[in-house]
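Participant: Sequence and predicted structure are below.
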Amino acid sequence: MNANSVPFMRSGWPQRLLRTRWVKNGSVLNLVIVKKGEKDIPGLTDTTVPRRLGPKRASRIRKLFNLSKEDDVRKYVVRKPLNKEGKKPRTKAPKIQRLVTPRVLQHKRRRIALKKQRTKKNKEEAAEYAKLLAKRMKEAKEKRQEQIAKRRRLSSLRASTSKSESSQK
């Protein structure tokens, strides 16, 4: 900090602080009315301003109008009237989000069907692989048994030939 209490920052003061620090003659106040008094303030508390936009999400539209799941939400959307001179009046409505349509349900059904299909295929492949593995293990075991038997025969032949040779000498 220097003598004027300005910090030594390369970037300087943030814009929000600059405004509050150097603008001394503020002509606009941003206030919220917490409690209403006995008298109305003309132009402020004597008029009610409706909310400009209604809900966009399907569940919130249902909540606002106390609709059941079976009711069509599209009929209850808050629409904005657009009236231009020389043209016929029309309205504008938001695109409803999270709206459960037949297409959405179809996509969900397809997704679930594909998932089931994949699990079924994986189970079949796993069973097939287990069979193949068991077959190969069996073959390897038989081969090992043959080799052991062959070794035993050879060793018994050697032993018998060595006995016969020793007895001949």
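Facilitator: Ah, there it is.
Participant: Show me the domain layout of this structure.
Facilitator: Domain ranges of the chain: 58-92, 100-162, per the TED database.
Participant: Distance to Lys35, mean pLDDT and mean neighbour count for the ones you listed - can I get that in JSON lines?
Facilitator: Yep, even glycine has a C-beta here, placed from its N, CA and C like the rest. As requested, the domains of the chain are arranged in JSON lines below (distance: least, Cβ to Cβ, whole Å; pLDDT from 0 to 100; neighbours: other Cβ atoms under 10 Å):
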{"stretch": "domain 58-92", "distance to Lys35": "27", "mean pLDDT": "94", "mean neighbour count": "11"}
{"stretch": "domain 100-162", "distance to Lys35": "43", "mean pLDDT": "95", "mean neighbour count": "10"}
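Participant: Asn25 is in what secondary structure piece?
Facilitator: Assigned by DSSP states H and E, Asn25 falls within no helix or strand.
Participant: how close does it get to Lys150?
Facilitator: 109 Å (Cβ to Cβ, to the nearest Å).
Participant: swap in Lys163?
Facilitator: From Lys163 to Lys150 the distance is 20 Å (Cβ to Cβ).
Participant: now Thr119
Facilitator: 46 Å.
Participant: same question, Gly26
Facilitator: Gly26 is 104 Å from Lys150, by Cβ to Cβ.
Participant: Compute the number of surrounding residues for Arg57.
Facilitator: Other residues near Arg57 come to 14 when the count uses other Cβ atoms under 10 Å.
Participant: gap between it and Ala130?
Facilitator: Arg57 is 49 Å from Ala130, by Cβ to Cβ.
Participant: Other residues contacting stretch 58-67?
Facilitator: Outside stretch 58-67, the residues within contact range by Cβ atoms under 8 Å, 6 or more residues apart in numbering are 54-55, 68-69, 71, 73, 76-77, 96-100.
Participant: Tabulate the residues you listed (CSV), appending distance to Arg111 and secondary structure.
Facilitator: Below are the contacts of stretch 58-67 laid out as CSV (distance: Cβ to Cβ, whole Å; DSSP: H, G, I helix; E, B strand; the rest coil):
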residue, distance to Arg111, secondary structure
Gly54, 32, coil
Pro55, 28, coil
Ser68, 27, coil
Lys69, 21, coil
Asp71, 26, coil
Val73, 23, helix
Tyr76, 29, helix
Val77, 28, coil
Ile96, 22, coil
Gln97, 19, strand
Arg98, 17, coil
Leu99, 18, coil
Val100, 15, coil
